[in-house]
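K.L.:
This is the structure alone, sequence omitted:
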Ligand code: 5GP
């Protein structure tokens, strides 16, 4: 499959679709998942147009993983989570539903189960308040 510029994350990158953004640099963008599996579910994407893990040059992938660590640290602090789960699905058979490479950051707590994947939209005001908590932590870290 070749990369399609019609996917929702490409639209978010072009500011043609809204997102509760938490972090941006020259090569990456992070924003709240619109259908979070737990409160604080955040996505980190490269700006490079790759549909999955295998179509991205190593330097862009390295920049993306660096952002996963940076934003993951802020998510962990903002949601006082005892564990952080990082997920990356490459390919429809793996469960991928948006075909622009992304890493999921999922704060985990003992006894708090994950909701179904990509099933139920969260209120935008809730997503914005969660994004603000993460941005506050990023500001503290810098
Ligand atoms: P995948 O299934 O490809 O690993 O993950 C795609 C993720 O994108 C899902 O967790 C889903 O909830 C999220 N998602 C789908 N549409 C939108 C959207 O319009 N905005 C945002 N912020 N997230 C979305």
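P.N.:
Ah, there it is. Computed from a predicted model, the values in this text were never measured in an experiment. Residues are numbered from 1 along each chain as shown.
K.L.:
And for residue 104, nearest residue in space, chain neighbours not counted?
P.N.:
residue 87 (4.1 Å; CB to CB, 6 or more residues apart in numbering). Heads up, the C-betas are built off the backbone N, CA and C, glycines and all.
K.L.:
what are the phi and psi values for residue 83?
P.N.:
Taking degrees, to the nearest 10, you get phi -150, psi 150 for the backbone angles of residue 83.
K.L.:
my guess is it meets residue 111, correct?
P.N.:
No. With contact defined as CB atoms under 8 Å, residue 83 and residue 111 do not form a contacting pair (11.8 Å).
K.L.:
Between those two, tell me which one has more neighbours.
P.N.:
Neighbour totals were compared for residue 83 and residue 111, and residue 83 leads with 10 against 5 (other CB atoms under 10 Å).
K.L.:
residues in contact with the helix or strand containing residue 45?
P.N.:
Taking DSSP states H and E as the criterion, the element that holds residue 45 is strand 42-46. Residues outside strand 42-46 that contact it (CB atoms under 8 Å, 6 or more residues apart in numbering): 9, 13, 22-23, 27-33, 56, 60-61, 63-64, 67-68, 71, 75, 100-105, 134.
K.L.:
list the contacts for the residue nearest to residue 49 when sequence neighbours are not counted?
P.N.:
Across the structure, with CB to CB, 6+ apart as the measure, the residue nearest residue 49 apart from its sequence neighbours is residue 3 (5.0 Å). By CB under 8 Å, 6+ apart, residue 3 lies in contact with 49, 50, 51, 55, 99, 100.
K.L.:
What is the nearest of the residues you listed to residue 79?
P.N.:
Closest approach to residue 79 among those (CB to CB): residue 100, at 24.9 Å.
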